[in-house]
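In: please find the sequence and the predicted model below.
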Amino acid sequence: MMKILMVTSSYPKYEGDVTAPFIESIAASVAALGNEVHVLAPYHPDLRRASIEKGVHLHFFKYSPLKHLNIWGYAEALEADVRVKGAIFPLTPVVFISSLWALLRLTRTIKFDIMHTHWVIPNGPVGAFVARLRRLPLIVSLHGSDLFIAEQSGLISSIARWIFRAANAITAPSDDLRQRAIRLGAPAGRCHLVPYGVDPSQFTRMEGAGPLLRKELGLPDDALIVFSVGRMVYKKGFEYLIRAVPAILREHPNARIVLAGGGDLQAKLVSLVRQLGVEKSVIMPGWISRDKLPLYFSGCDLFVLPSVVDQQGNVDGLPNTLLEAMASARPLVATNVAGIPLAVKDGENGLLVPEKQPGELSAAINLLLRAPDLRQQYGEASRRRVENDLNWETTARNFERLYSAALGRSKSRGGRRERAEYGGVEGRR
(Lines give C-alpha, C1' and ligand atoms only; values in the text may rest on other atoms or scores of the structure.)
Protein backbone atom coordinates (compact mmCIF):
# COMPACT_ATOMS: atom_id res chain seq x y z
CA MET A 1 0.00 0.00 0.00
CA MET A 2 1.18 3.51 -0.85
CA LYS A 3 0.14 6.79 0.75
CA ILE A 4 -0.60 9.23 -2.04
CA LEU A 5 -1.33 12.95 -1.75
CA MET A 6 -3.14 14.48 -4.73
CA VAL A 7 -3.18 18.26 -5.11
CA THR A 8 -5.94 19.71 -7.27
CA SER A 9 -7.80 22.96 -7.87
CA SER A 10 -11.12 21.27 -8.76
CA TYR A 11 -13.14 18.43 -7.31
CA PRO A 12 -16.86 17.60 -7.42
CA LYS A 13 -18.39 19.86 -4.76
CA TYR A 14 -21.11 17.38 -3.86
CA GLU A 15 -22.44 14.02 -5.00
CA GLY A 16 -23.70 14.43 -8.56
CA ASP A 17 -21.72 17.62 -9.30
CA VAL A 18 -20.25 17.75 -12.80
CA THR A 19 -17.15 19.76 -11.82
CA ALA A 20 -14.01 17.72 -12.64
CA PRO A 21 -15.57 14.30 -11.95
CA PHE A 22 -12.49 12.68 -13.50
CA ILE A 23 -10.35 13.86 -10.57
CA GLU A 24 -12.61 12.08 -8.11
CA SER A 25 -12.65 9.01 -10.37
CA ILE A 26 -8.84 8.90 -10.51
CA ALA A 27 -8.54 9.30 -6.73
CA ALA A 28 -11.24 6.74 -5.93
CA SER A 29 -9.88 4.20 -8.44
CA VAL A 30 -6.34 4.48 -7.08
CA ALA A 31 -7.75 4.04 -3.55
CA ALA A 32 -9.75 1.00 -4.70
CA LEU A 33 -6.45 -0.73 -5.52
CA GLY A 34 -5.63 -0.70 -1.81
CA ASN A 35 -3.76 2.60 -1.56
CA GLU A 36 -4.40 5.39 0.95
CA VAL A 37 -5.33 8.48 -1.07
CA HIS A 38 -5.65 12.03 0.25
CA VAL A 39 -6.81 14.99 -1.82
CA LEU A 40 -6.04 18.65 -1.06
CA ALA A 41 -8.21 21.23 -2.86
CA PRO A 42 -9.34 24.84 -2.34
CA TYR A 43 -12.53 25.58 -0.43
CA HIS A 44 -15.72 26.48 -2.31
CA PRO A 45 -18.95 27.84 -0.76
CA ASP A 46 -20.97 25.06 -2.40
CA LEU A 47 -18.90 22.22 -0.94
CA ARG A 48 -20.93 19.44 0.65
CA ARG A 49 -18.45 16.63 1.19
CA ALA A 50 -17.58 14.38 4.12
CA SER A 51 -13.99 13.99 5.26
CA ILE A 52 -13.80 10.54 3.63
CA GLU A 53 -15.83 9.64 0.54
CA LYS A 54 -15.39 6.70 -1.83
CA GLY A 55 -12.29 5.69 0.11
CA VAL A 56 -10.62 9.09 -0.44
CA HIS A 57 -9.58 11.42 2.40
CA LEU A 58 -10.62 14.98 1.53
CA HIS A 59 -8.92 18.16 2.78
CA PHE A 60 -10.05 21.67 1.76
CA PHE A 61 -8.19 24.89 2.54
CA LYS A 62 -9.74 28.36 2.77
CA TYR A 63 -8.16 31.41 1.21
CA SER A 64 -10.84 34.15 1.19
CA PRO A 65 -13.60 35.05 3.67
CA LEU A 66 -15.53 36.78 0.86
CA LYS A 67 -17.88 34.45 -1.01
CA HIS A 68 -17.60 36.30 -4.34
CA LEU A 69 -13.82 35.86 -4.33
CA ASN A 70 -13.97 32.06 -4.05
CA ILE A 71 -13.29 31.64 -7.76
CA TRP A 72 -10.05 29.66 -7.64
CA GLY A 73 -10.47 26.42 -9.52
CA TYR A 74 -13.79 24.63 -10.02
CA ALA A 75 -13.87 25.79 -13.68
CA GLU A 76 -14.43 29.39 -12.51
CA ALA A 77 -11.01 30.92 -13.22
CA LEU A 78 -11.31 31.01 -17.01
CA GLU A 79 -13.81 33.06 -19.01
CA ALA A 80 -15.25 30.87 -21.79
CA ASP A 81 -12.12 28.75 -21.29
CA VAL A 82 -10.01 31.14 -23.37
CA ARG A 83 -8.87 33.85 -20.95
CA VAL A 84 -8.08 34.13 -17.26
CA LYS A 85 -10.53 36.25 -15.28
CA GLY A 86 -8.95 39.48 -14.03
CA ALA A 87 -9.91 38.83 -10.40
CA ILE A 88 -7.66 35.76 -10.37
CA PHE A 89 -4.39 37.73 -10.48
CA PRO A 90 -4.71 39.53 -7.11
CA LEU A 91 -5.83 36.22 -5.56
CA THR A 92 -2.78 34.29 -6.78
CA PRO A 93 -0.33 35.13 -3.94
CA VAL A 94 -3.09 34.62 -1.34
CA VAL A 95 -4.01 31.21 -2.71
CA PHE A 96 -0.36 30.21 -3.08
CA ILE A 97 0.42 31.02 0.55
CA SER A 98 -2.80 29.36 1.78
CA SER A 99 -2.22 26.20 -0.24
CA LEU A 100 1.45 26.09 0.73
CA TRP A 101 0.58 26.33 4.42
CA ALA A 102 -2.10 23.64 4.08
CA LEU A 103 0.25 21.35 2.18
CA LEU A 104 3.07 21.82 4.68
CA ARG A 105 0.75 21.02 7.59
CA LEU A 106 -0.69 17.95 5.88
CA THR A 107 2.71 16.53 4.91
CA ARG A 108 4.01 17.17 8.42
CA THR A 109 1.08 15.26 9.93
CA ILE A 110 1.06 12.33 7.49
CA LYS A 111 4.09 10.63 5.97
CA PHE A 112 3.22 10.29 2.29
CA ASP A 113 5.02 8.20 -0.32
CA ILE A 114 4.00 10.15 -3.44
CA MET A 115 2.93 13.68 -4.37
CA HIS A 116 0.55 13.72 -7.36
CA THR A 117 -0.26 17.19 -8.66
CA HIS A 118 -3.15 17.71 -11.08
CA TRP A 119 -2.78 20.64 -13.52
CA VAL A 120 0.81 21.86 -13.84
CA ILE A 121 -0.66 25.38 -13.60
CA PRO A 122 -1.81 26.48 -11.03
CA ASN A 123 -1.02 23.57 -8.67
CA GLY A 124 2.43 22.60 -9.91
CA PRO A 125 4.51 25.28 -8.16
CA VAL A 126 3.33 24.58 -4.61
CA GLY A 127 3.29 20.82 -5.25
CA ALA A 128 6.82 20.82 -6.62
CA PHE A 129 8.14 23.04 -3.81
CA VAL A 130 6.72 20.85 -1.03
CA ALA A 131 7.67 17.62 -2.82
CA ARG A 132 11.28 18.79 -2.95
CA LEU A 133 11.17 19.95 0.68
CA ARG A 134 9.70 16.64 1.88
CA ARG A 135 11.78 14.58 -0.57
CA LEU A 136 8.71 13.05 -2.16
CA PRO A 137 8.59 11.71 -5.72
CA LEU A 138 6.43 14.02 -7.83
CA ILE A 139 3.90 13.03 -10.50
CA VAL A 140 2.33 15.85 -12.54
CA SER A 141 -0.85 15.25 -14.55
CA LEU A 142 -1.83 17.57 -17.39
CA HIS A 143 -5.51 18.06 -18.17
CA GLY A 144 -5.57 20.60 -21.01
CA SER A 145 -6.36 24.10 -19.75
CA ASP A 146 -3.14 24.16 -17.70
CA LEU A 147 -0.94 23.60 -20.74
CA PHE A 148 -2.96 26.15 -22.70
CA ILE A 149 -2.32 28.79 -20.02
CA ALA A 150 1.40 27.96 -19.96
CA GLU A 151 1.63 28.36 -23.74
CA GLN A 152 0.25 31.92 -23.55
CA SER A 153 2.98 33.42 -21.36
CA GLY A 154 6.75 33.26 -21.33
CA LEU A 155 6.84 33.60 -17.54
CA ILE A 156 4.26 30.87 -16.92
CA SER A 157 5.87 28.55 -19.48
CA SER A 158 9.22 28.93 -17.68
CA ILE A 159 7.50 28.00 -14.40
CA ALA A 160 5.95 24.97 -16.10
CA ARG A 161 9.38 23.91 -17.42
CA TRP A 162 10.82 24.10 -13.91
CA ILE A 163 8.02 21.88 -12.62
CA PHE A 164 8.51 19.43 -15.51
CA ARG A 165 12.19 19.14 -14.64
CA ALA A 166 11.32 18.51 -10.98
CA ALA A 167 8.77 15.80 -11.79
CA ASN A 168 9.55 12.10 -11.82
CA ALA A 169 6.76 11.59 -14.37
CA ILE A 170 4.37 13.76 -16.37
CA THR A 171 1.08 12.30 -17.62
CA ALA A 172 -1.35 13.43 -20.29
CA PRO A 173 -4.72 11.96 -21.36
CA SER A 174 -3.98 12.46 -25.06
CA ASP A 175 -0.90 12.30 -27.28
CA ASP A 176 -1.64 15.86 -28.43
CA LEU A 177 -1.17 17.15 -24.86
CA ARG A 178 1.90 14.96 -24.38
CA GLN A 179 3.57 16.34 -27.51
CA ARG A 180 2.69 19.92 -26.56
CA ALA A 181 4.26 19.39 -23.14
CA ILE A 182 7.44 18.12 -24.79
CA ARG A 183 7.53 21.15 -27.09
CA LEU A 184 7.16 23.34 -24.01
CA GLY A 185 10.21 21.71 -22.44
CA ALA A 186 9.05 18.57 -20.64
CA PRO A 187 11.62 15.73 -20.86
CA ALA A 188 10.22 13.29 -23.44
CA GLY A 189 11.34 10.23 -21.48
CA ARG A 190 9.24 11.26 -18.49
CA CYS A 191 6.06 12.06 -20.45
CA HIS A 192 3.49 9.27 -20.37
CA LEU A 193 0.17 8.83 -22.12
CA VAL A 194 -2.44 7.84 -19.51
CA PRO A 195 -5.94 8.11 -21.02
CA TYR A 196 -8.93 8.78 -18.82
CA GLY A 197 -11.39 5.99 -18.17
CA VAL A 198 -15.00 5.49 -17.24
CA ASP A 199 -16.82 3.28 -14.76
CA PRO A 200 -18.53 0.60 -16.90
CA SER A 201 -20.87 -0.24 -14.03
CA GLN A 202 -22.10 3.34 -13.59
CA PHE A 203 -22.51 4.02 -17.29
CA THR A 204 -23.96 0.99 -19.00
CA ARG A 205 -26.83 -0.16 -21.20
CA MET A 206 -30.15 0.67 -19.56
CA GLU A 207 -33.09 -1.38 -20.78
CA GLY A 208 -36.02 0.81 -21.84
CA ALA A 209 -33.97 4.03 -21.55
CA GLY A 210 -35.17 5.36 -24.91
CA PRO A 211 -38.87 5.57 -24.01
CA LEU A 212 -38.00 6.87 -20.53
CA LEU A 213 -35.87 9.68 -21.95
CA ARG A 214 -38.53 10.63 -24.50
CA LYS A 215 -41.06 10.83 -21.67
CA GLU A 216 -38.64 12.89 -19.58
CA LEU A 217 -38.21 15.38 -22.43
CA GLY A 218 -41.84 15.29 -23.58
CA LEU A 219 -40.94 13.94 -27.02
CA PRO A 220 -43.02 11.73 -29.35
CA ASP A 221 -42.22 8.03 -29.56
CA ASP A 222 -40.67 8.35 -33.03
CA ALA A 223 -38.25 11.17 -32.13
CA LEU A 224 -34.58 10.51 -32.92
CA ILE A 225 -32.46 11.90 -30.09
CA VAL A 226 -29.01 13.33 -30.89
CA PHE A 227 -27.29 14.08 -27.57
CA SER A 228 -24.34 16.28 -26.65
CA VAL A 229 -23.27 17.61 -23.26
CA GLY A 230 -20.57 19.78 -21.75
CA ARG A 231 -19.57 23.24 -20.61
CA MET A 232 -20.67 25.84 -23.10
CA VAL A 233 -17.25 27.21 -24.02
CA TYR A 234 -15.57 27.65 -27.41
CA LYS A 235 -13.51 24.48 -27.45
CA LYS A 236 -16.62 22.27 -27.11
CA GLY A 237 -17.67 23.32 -30.63
CA PHE A 238 -21.41 23.42 -29.89
CA GLU A 239 -21.86 26.29 -32.35
CA TYR A 240 -21.03 23.92 -35.21
CA LEU A 241 -23.48 21.29 -34.02
CA ILE A 242 -26.22 23.92 -33.91
CA ARG A 243 -25.28 25.12 -37.41
CA ALA A 244 -25.61 21.50 -38.59
CA VAL A 245 -29.22 21.23 -37.35
CA PRO A 246 -31.03 22.59 -40.45
CA ALA A 247 -29.33 19.99 -42.68
CA ILE A 248 -30.16 17.24 -40.17
CA LEU A 249 -33.81 18.27 -40.12
CA ARG A 250 -34.10 18.29 -43.90
CA GLU A 251 -33.46 14.54 -43.91
CA HIS A 252 -34.78 13.69 -40.43
CA PRO A 253 -37.53 16.15 -39.41
CA ASN A 254 -38.24 14.00 -36.34
CA ALA A 255 -34.69 14.48 -34.99
CA ARG A 256 -34.23 16.37 -31.73
CA ILE A 257 -30.84 17.71 -30.72
CA VAL A 258 -30.47 17.69 -26.93
CA LEU A 259 -27.63 20.00 -25.92
CA ALA A 260 -27.09 19.84 -22.15
CA GLY A 261 -24.83 21.95 -19.98
CA GLY A 262 -24.22 25.59 -19.23
CA GLY A 263 -21.48 28.17 -19.25
CA ASP A 264 -20.26 31.49 -20.56
CA LEU A 265 -21.53 30.98 -24.12
CA GLN A 266 -25.00 29.70 -23.28
CA ALA A 267 -26.78 32.95 -24.19
CA LYS A 268 -24.96 33.14 -27.54
CA LEU A 269 -25.87 29.56 -28.38
CA VAL A 270 -29.53 30.16 -27.51
CA SER A 271 -29.44 33.22 -29.78
CA LEU A 272 -27.96 31.14 -32.62
CA VAL A 273 -30.73 28.55 -32.25
CA ARG A 274 -33.31 31.33 -32.62
CA GLN A 275 -31.46 32.87 -35.54
CA LEU A 276 -31.56 29.56 -37.42
CA GLY A 277 -35.24 29.04 -36.57
CA VAL A 278 -34.70 25.59 -35.02
CA GLU A 279 -36.07 26.26 -31.52
CA LYS A 280 -38.56 23.39 -31.77
CA SER A 281 -35.84 20.88 -32.58
CA VAL A 282 -33.05 21.93 -30.21
CA ILE A 283 -33.61 21.19 -26.53
CA MET A 284 -31.29 22.81 -23.99
CA PRO A 285 -32.16 21.39 -20.55
CA GLY A 286 -29.22 23.03 -18.72
CA TRP A 287 -26.94 21.08 -16.42
CA ILE A 288 -27.88 17.46 -15.85
CA SER A 289 -26.86 15.91 -12.53
CA ARG A 290 -24.45 12.99 -12.62
CA ASP A 291 -27.10 10.56 -11.42
CA LYS A 292 -29.35 11.44 -14.38
CA LEU A 293 -26.66 11.37 -17.06
CA PRO A 294 -26.80 7.57 -17.57
CA LEU A 295 -30.43 7.89 -18.68
CA TYR A 296 -29.50 10.51 -21.30
CA PHE A 297 -26.56 8.50 -22.60
CA SER A 298 -28.44 5.22 -22.77
CA GLY A 299 -31.66 6.79 -24.07
CA CYS A 300 -30.22 8.77 -26.97
CA ASP A 301 -29.88 7.32 -30.47
CA LEU A 302 -26.55 8.99 -31.15
CA PHE A 303 -23.91 10.89 -29.19
CA VAL A 304 -22.09 13.80 -30.82
CA LEU A 305 -18.88 15.48 -29.67
CA PRO A 306 -18.10 18.48 -31.93
CA SER A 307 -14.89 19.62 -30.14
CA VAL A 308 -12.61 22.15 -31.84
CA VAL A 309 -9.28 23.85 -31.34
CA ASP A 310 -10.51 27.29 -30.28
CA GLN A 311 -9.24 30.68 -31.43
CA GLN A 312 -6.58 30.73 -28.71
CA GLY A 313 -5.31 27.22 -29.43
CA ASN A 314 -7.10 25.60 -26.48
CA VAL A 315 -8.53 22.10 -26.98
CA ASP A 316 -9.96 19.24 -24.92
CA GLY A 317 -7.76 16.31 -23.93
CA LEU A 318 -9.99 13.25 -23.85
CA PRO A 319 -13.50 14.35 -22.77
CA ASN A 320 -15.16 12.16 -20.16
CA THR A 321 -18.53 12.56 -21.83
CA LEU A 322 -17.22 10.66 -24.84
CA LEU A 323 -16.15 7.73 -22.68
CA GLU A 324 -19.44 7.78 -20.78
CA ALA A 325 -21.35 7.55 -24.06
CA MET A 326 -19.13 4.65 -25.12
CA ALA A 327 -19.76 2.80 -21.86
CA SER A 328 -23.48 3.30 -22.52
CA ALA A 329 -23.03 1.48 -25.86
CA ARG A 330 -23.76 4.54 -27.96
CA PRO A 331 -22.61 5.13 -31.54
CA LEU A 332 -20.51 8.27 -31.91
CA VAL A 333 -19.92 11.18 -34.22
CA ALA A 334 -16.93 13.26 -33.16
CA THR A 335 -14.31 15.60 -34.54
CA ASN A 336 -10.79 14.43 -35.30
CA VAL A 337 -8.94 16.56 -32.73
CA ALA A 338 -6.79 16.05 -29.61
CA GLY A 339 -7.37 12.76 -27.78
CA ILE A 340 -10.67 11.90 -29.45
CA PRO A 341 -9.11 9.43 -31.97
CA LEU A 342 -7.81 7.44 -28.98
CA ALA A 343 -11.41 6.51 -28.24
CA VAL A 344 -13.27 6.85 -31.54
CA LYS A 345 -12.00 4.58 -34.30
CA ASP A 346 -13.52 5.79 -37.55
CA GLY A 347 -15.71 3.08 -39.04
CA GLU A 348 -15.43 0.85 -35.96
CA ASN A 349 -17.38 2.51 -33.16
CA GLY A 350 -18.26 5.82 -34.75
CA LEU A 351 -17.44 8.40 -37.37
CA LEU A 352 -14.72 11.06 -37.21
CA VAL A 353 -15.19 14.35 -39.07
CA PRO A 354 -13.05 17.48 -39.51
CA GLU A 355 -13.53 20.20 -36.91
CA LYS A 356 -15.60 23.35 -37.55
CA GLN A 357 -17.41 21.80 -40.53
CA PRO A 358 -21.22 21.77 -39.98
CA GLY A 359 -21.74 20.14 -43.39
CA GLU A 360 -19.47 17.20 -42.56
CA LEU A 361 -21.03 16.93 -39.12
CA SER A 362 -24.61 16.84 -40.44
CA ALA A 363 -23.68 14.29 -43.14
CA ALA A 364 -22.20 11.89 -40.55
CA ILE A 365 -25.16 12.34 -38.21
CA ASN A 366 -27.66 11.76 -41.02
CA LEU A 367 -25.78 8.65 -42.15
CA LEU A 368 -26.09 7.04 -38.73
CA LEU A 369 -29.64 8.20 -38.11
CA ARG A 370 -30.78 6.34 -41.22
CA ALA A 371 -28.81 3.18 -40.30
CA PRO A 372 -30.09 1.63 -37.03
CA ASP A 373 -28.12 -1.60 -37.55
CA LEU A 374 -24.89 0.35 -37.97
CA ARG A 375 -25.70 2.37 -34.84
CA GLN A 376 -26.08 -0.85 -32.88
CA GLN A 377 -22.83 -2.26 -34.29
CA TYR A 378 -20.91 0.89 -33.39
CA GLY A 379 -22.50 1.01 -29.94
CA GLU A 380 -21.46 -2.54 -29.13
CA ALA A 381 -17.92 -1.80 -30.30
CA SER A 382 -17.82 1.29 -28.06
CA ARG A 383 -18.81 -0.77 -25.03
CA ARG A 384 -16.12 -3.37 -25.76
CA ARG A 385 -13.42 -0.69 -25.91
CA VAL A 386 -14.44 0.55 -22.48
CA GLU A 387 -14.55 -2.92 -20.96
CA ASN A 388 -11.13 -3.84 -22.40
CA ASP A 389 -9.13 -0.61 -22.14
CA LEU A 390 -10.79 2.70 -21.35
CA ASN A 391 -11.92 2.15 -17.77
CA TRP A 392 -10.86 3.71 -14.48
CA GLU A 393 -9.30 0.51 -13.14
CA THR A 394 -6.91 0.44 -16.09
CA THR A 395 -6.16 4.14 -15.61
CA ALA A 396 -5.51 3.62 -11.89
CA ARG A 397 -3.16 0.71 -12.55
CA ASN A 398 -1.22 2.87 -15.01
CA PHE A 399 -0.84 5.55 -12.33
CA GLU A 400 0.11 2.93 -9.75
CA ARG A 401 2.90 1.67 -12.02
CA LEU A 402 4.27 5.20 -12.31
CA TYR A 403 4.06 5.66 -8.53
CA SER A 404 5.88 2.40 -7.90
CA ALA A 405 8.60 3.21 -10.42
CA ALA A 406 9.13 6.69 -8.98
CA LEU A 407 9.10 5.40 -5.42
CA GLY A 408 11.51 2.59 -6.26
CA ARG A 409 13.96 5.03 -7.79
CA SER A 410 13.57 7.36 -4.84
CA LYS A 411 14.31 4.58 -2.36
CA SER A 412 17.24 3.22 -4.35
CA ARG A 413 18.92 6.58 -4.90
CA GLY A 414 17.76 8.51 -1.88
CA GLY A 415 17.97 12.09 -0.77
CA ARG A 416 19.24 15.12 -2.60
CA ARG A 417 21.23 13.20 -5.23
CA GLU A 418 18.04 11.50 -6.50
CA ARG A 419 16.21 14.83 -6.75
CA ALA A 420 19.12 16.36 -8.69
CA GLU A 421 19.16 13.54 -11.24
CA TYR A 422 15.45 13.85 -11.80
CA GLY A 423 16.01 17.59 -12.24
CA GLY A 424 17.66 17.06 -15.62
CA VAL A 425 20.59 14.61 -15.81
CA GLU A 426 18.44 11.53 -16.30
CA GLY A 427 16.45 13.20 -19.07
CA ARG A 428 19.60 13.72 -21.13
CA ARG A 429 20.79 10.10 -21.04
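Out: That came through, no problem.

In: so where's the stretch 101-250 of the chain uncertain?
Out: The stretch 101-250 of the chain contains no residues with pLDDT under 70.

In: for the residue nearest to residue 360 when sequence neighbours are not counted, name its beta-bridge partners.
Out: Of all residues beyond its chain neighbours, the one nearest residue 360 is residue 353 (4.2 Å), with distances taken as CB to CB, 6 or more residues apart in numbering. C-beta: built from backbone N, CA, C; applies to glycine. Going by DSSP bridges, residue 353 is paired in beta bridges with residue 335.

In: just the pLDDT for residue 353.
Out: pLDDT, residue 353: 98.

In: list the contacts for it?
Out: For residue 353, the contact set (CB atoms under 8 Å, 6 or more residues apart in numbering) comprises 333-336, 360-361, 363-364.

In: what's the closest of those residues to residue 15?
Out: residue 334 (28.7 Å; CB to CB).

In: what residues does the closest one make contact with?
Out: Going by CB under 8 Å, 6+ apart, residue 334 touches 304-307, 322, 340, 344, 350-353.

In: do you know the pLDDT at the closest residue to it other than its chain neighbours?
Out: Distances taken as CB to CB, 6+ apart place residue 305 nearest to residue 334, at 4.1 Å, with adjacent residues excluded. Here the pLDDT value assigned to residue 305 is 98.

In: next one: residue 305 from residue 223, what distance?
Out: Distance of residue 305 to residue 223, given as CB to CB, to the nearest Å: 21 Å.

In: out of these two, which sits in the busier spot?
Out: Neighbours per residue, other CB atoms under 10 Å: of residue 305 and residue 223, the larger number sits with residue 305, 24 against 20.

In: that one contacts residue 321, correct?
Out: Yes: using CB atoms under 8 Å, residue 305 is in contact with residue 321, at 6.8 Å.

In: next, show the common contact partners of those two.
Out: Shared contacts of residue 305 and residue 321, counting by CB under 8 Å, 6+ apart, come down to residue 228.

In: what's the span of stretch 179-198, first residue to last?
Out: 24 Å (CA to CA, to the nearest Å).

In: kindly apply the preceding question to stretch 386-399 instead.
Out: Span of stretch 386-399 from end to end, CA to CA: 18 Å.

In: quick one: contacts of it?
Out: 25-26, 28-30, 32-33, 116, 139, 171, 192, 194-200, 323, 326-327, 343.

In: and the strands in the stretch 51-200 of the chain, which stretches?
Out: Using DSSP state E, counting those that start in this stretch, the strands of the stretch 51-200 of the chain run over 52-53, 56-61, 78-79, 83-84, 114-118, 138-141, 169-172, 191-193.

In: now the angle from the helix or strand hosting residue 403 to strand 114-118?
Out: Per DSSP states H and E: residue 403 is located in helix 392-413. With axes from the mean of the first three to the mean of the last three CA atoms, to 10 degrees applied, the angle from helix 392-413 to strand 114-118 works out at 130 degrees.

In: thinking again about what came up before, ok, the contacts of residue 334 vs residue 270, which is closest?
Out: residue 306 (16.9 Å).

In: and that closest one, what is it in contact with?
Out: When contacts are counted by CB under 8 Å, 6+ apart, residue 306 touches 228, 236-238, 240-241, 334-335, 355, 361.

In: which of these has the largest number of neighbours?
Out: Neighbour counts for the contacts of residue 306 peak at residue 238, which has 29 neighbours (criterion: other CB under 10 Å).

In: got a list of what that one touches?
Out: Counting by CB under 8 Å, 6+ apart, residue 238 has contacts 228, 230, 232, 259, 265, 269, 306.

In: could you rerun that using 6 Å?
Out: residue 269 (CB atoms under 6 Å, 6 or more residues apart in numbering).
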